[in-house]
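Engineer: Starting from these lines, generate the structure:
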Amino acid sequence: MSSTLCFIYYRKRHNRYREQILRALRDSESDEDTSNDNDNDNDSDDDDDEEVIEKFIESPEYIDPGFLPNDVVLVIEDKQLYVNKDLLESSSPVFEAWLKKEWQTEKGTENGKIELSFPGKNFVDMRAFFKCLLPVFSDKVTDENLDTVLPLADEYQTENLLLECIEVIRERVESVYKTDTYIPPSRIVTYVRWVEQFKLNAIRECVVKLAAVIENEDLENAPDYYTVGTLIQLEVAKTRSKLLKDLFVSTPTDAERKISRLQVPRHDKYMSEWKQNVSNLLQYAVDHIGDLKPQLSNFSATPPVLTKNQTRSAGFGKLRPVGIVLNPPQSVVPSFSFEDPISQNMSDLFACISVSDRIDLHDIYNKCIEKLNVENISKGNFQKQWSKHYTGNKIELSNMGRHVLSMYKCTCK
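Structural biologist: Numbers count the residues shown, from 1 in each chain. The predicted structure is shown next:
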């Protein structure tokens, strides 16, 4: 039977099994309880039914319909789970070897089913592991069940499930750079320990980098830190040293460039001292930014017009404005296309907006938006200059709409 057909089959069994559970639970109630329940509203009864079912499903006594009678019996703590032989074989070379006749040391059951025992294993943990492993179940690996699933996935060499565990850790680690996510030092130490213990080389770099942004004292205070090997501890220390050296900044644009290149966690509990220094730098910059309008020092407000003699002598491809003539003949006036350049002050303010937005310096960000409104920078002009300044930068271009909305919400004027 294919895995797709197995999934459909077990889902139907699951629905029937839920109905049987509810019926059995109802039948077990006393007549007095049933009489009291009849006084409740129907909607309330339906909610209570679902709550009872969910509570029972979470208990160790519950057997998911995906584990109901099949051709392989798993014996764990004197409890039995039934699984499909083909699915079990395809999920792990360890299980595949166990299911071959030459490797079977135990007799099958009296009805011909293959029996596999798991001495020393916890029933609840193994049930959670198999529900993540076998495709007939909808359970997924999460950060909450990693502590249970990852060691078992490594022990039984379930490659696909190991890859799923790796991706869960990667997504969790990378979320600190994209959202205001905080992973405590104790959990980061656990990730570091797993990288070393289970040889998770695919995520070694990103996990070590995250550990490097934590103060060494905080890492050492984590309960499991003493189990981390010396080699990876040294790797974390070297990464921290290099990161601190690379993150030295002296201007807002410098801070913007390095934050984009090196990735800095957003939550204020990460690198708090460095972020405070950047906050002071931005605060000083915003307070001292002058006029935001372009300074056209090399051009007059009206494009210079050349005389006929100047046009002839210079050649059209080598025009150099050397004088202005009022009311020149229209036939000899060259066509100019001038775009307002972005002033250095505006460029600095854009950097302050970008940095304060990325590392959640809300007070600095609001001052920058207030500065735009006080200087009478229109929303359209802001969008035009922001788009020009960040051409090709998808992240900053995607943030532009949010900055414009902040300008609309600002009540400083």
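Engineer: for the protein, where's the lowest mean pLDDT among helices and strands?
Structural biologist: In the chain, the helix or strand scored least confidently by mean pLDDT, DSSP states H and E is helix 308-314, which has a mean of 41.
Engineer: what does the average pLDDT come to for the next helix or strand after it?
Structural biologist: Using DSSP states H and E, the next helix or strand after helix 308-314 towards the C-terminus is helix 344-358. Model confidence over helix 344-358 averages 93 on the pLDDT scale.
Engineer: what kind of secondary structure is Thr239 in?
Structural biologist: Following DSSP: H, G, I helix; E, B strand; the rest coil, Thr239 is assigned to helix.
Engineer: Excluding sequence neighbours, find me the nearest residue to it.
Structural biologist: Ala212 (3.9 Å; CB to CB, 6 or more residues apart in numbering). To be clear about C-beta, it is placed using only N, CA and C from the backbone, and glycine gets the same treatment.
Engineer: now that neighbour: how far from Phe129?
Structural biologist: Going from Ala212 to Phe129 by CB to CB, to the nearest Å gives 32 Å.
Engineer: do the same with Tyr408
Structural biologist: For Tyr408 relative to Phe129 (CB to CB), the value is 52 Å.
Engineer: out of the two, which sits in the busier spot?
Structural biologist: With neighbours defined as other CB atoms under 10 Å, Tyr408 and Phe129 compare such that Phe129 has more, 25 against 10.
Engineer: Report whether the expected contact of the more buried one with Thr148 is present.
Structural biologist: Yes: if you go by CB atoms under 8 Å, Phe129 and Thr148 touch, sitting 6.6 Å apart.
Engineer: Past the helix or strand Arg172 falls within, which element shows up next along the chain?
Structural biologist: For Arg172, the host element (DSSP H and E) is helix 159-178. Following helix 159-178 in sequence order, the next helix or strand is helix 185-197 (DSSP H and E).
Engineer: Identify the residues contacting that following helix?
Structural biologist: By CB atoms under 8 Å, 6 or more residues apart in numbering, the residues outside helix 185-197 that reach it are 147, 150, 169, 173, 200-201, 203-204, 207-208, 210-211, 214, 218-219, 221-225, 227-229, 232, 236.
Engineer: out of these, which are buried?
Structural biologist: The neighbour-count test (16 or more other CB atoms under 10 Å) marks 150, 169, 173, 200, 203, 207-208, 210-211, 214, 219, 222, 225, 228, 232, 236 as buried among the contacts of helix 185-197.
Engineer: just to revisit the earlier point, with only the CA atoms kept, save the helix holding Arg172 in CSV.
Structural biologist: Output of helix 159-178 as CSV, limited to C-alpha atoms (Å, rounded to 0.1, in the frame of the first residue of the first chain):
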residue,chain,number,x,y,z
GLU,A,159,17.5,10.8,7.6
ASN,A,160,14.4,12.7,6.5
LEU,A,161,13.3,13.3,10.1
LEU,A,162,16.8,14.5,11.0
LEU,A,163,16.7,17.0,8.1
GLU,A,164,13.4,18.2,9.4
CYS,A,165,14.9,18.7,12.9
ILE,A,166,17.8,20.7,11.3
GLU,A,167,15.4,23.0,9.5
VAL,A,168,13.4,23.6,12.6
ILE,A,169,16.6,24.7,14.5
ARG,A,170,17.7,26.8,11.5
GLU,A,171,14.4,28.6,11.2
ARG,A,172,14.3,29.2,14.9
VAL,A,173,17.9,30.6,15.0
GLU,A,174,17.3,32.8,11.9
SER,A,175,14.1,34.2,13.3
VAL,A,176,16.1,36.4,15.8
TYR,A,177,17.4,38.4,12.9
LYS,A,178,14.0,38.9,11.2
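Engineer: Show me what it is packed up against.
Structural biologist: Helix 159-178 sits against helix 123-133, helix 146-155, helix 185-197, helix 204-212, with contacts defined as 3 or more CB pairs under 8 Å, 6 or more residues apart in numbering; DSSP states H and E.
Engineer: how about the second one: buried residues?
Structural biologist: Of the residues in helix 146-155, those scored as buried under the neighbour-count criterion (16+ other CB under 10 Å) are 146, 148-154.
Engineer: Name the nearest of those residues relative to Ile359.
Structural biologist: Ile359 has its nearest neighbour among these in Leu146, at 28.1 Å by CB to CB.
Engineer: Can you tell me how far the closest one is from Leu372?
Structural biologist: Look at Leu146 and Leu372: by CB to CB, they are 45 Å apart.
Engineer: where's Ile353 relative to His267, distance?
Structural biologist: 20 Å.
Engineer: which one of the two has more residues nearby?
Structural biologist: Taking neighbours as other CB under 10 Å, Ile353 and His267 compare with Ile353 leading, 27 against 17.
Engineer: The more buried one contacts Ser406, correct?
Structural biologist: No: contact criterion CB under 8 Å: Ile353 and Ser406 do not qualify, at 9.2 Å.
Engineer: Quickly list what's touching both of these two.
Structural biologist: Common neighbours of Ile353 and Ser406 (criterion: CB under 8 Å, 6+ apart): 365, 369.
Engineer: returning to what we had before: let me have the helices and strands packed on helix 159-178 in CSV, adding distance to Leu81 and mean pLDDT as columns.
Structural biologist: Listed next are the helices and strands packed on helix 159-178 as CSV, based on distance: least, CB to CB, whole Å; pLDDT from 0 to 100:
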stretch, distance to Leu81, mean pLDDT
helix 123-133, 7, 94
helix 146-155, 14, 97
helix 185-197, 26, 96
helix 204-212, 33, 96
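Engineer: can you redo those helices as JSON lines with distance to Arg402?
Structural biologist: Below are those laid out as JSON lines (distance: least, CB to CB, whole Å):
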{"stretch": "helix 123-133", "distance to Arg402": "37"}
{"stretch": "helix 146-155", "distance to Arg402": "33"}
{"stretch": "helix 185-197", "distance to Arg402": "30"}
{"stretch": "helix 204-212", "distance to Arg402": "26"}
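Engineer: Those: which one's closest to Asp348?
Structural biologist: helix 204-212 (29.2 Å).
Engineer: Show me what the following helix or strand past that closest one is packed up against.
Structural biologist: Toward the C-terminal end, the helix or strand that comes next after helix 204-212 (DSSP H and E) is helix 216-220. Counting contacts by 3+ CB pairs under 8 Å, 6+ apart, helix 216-220 is packed against helix 185-197, helix 230-246.
Engineer: now those in TSV, with distance to Met346?
Structural biologist: Formatted as TSV, those follow (distance: least, CB to CB, whole Å):
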stretch	distance to Met346
helix 185-197	39
helix 230-246	27
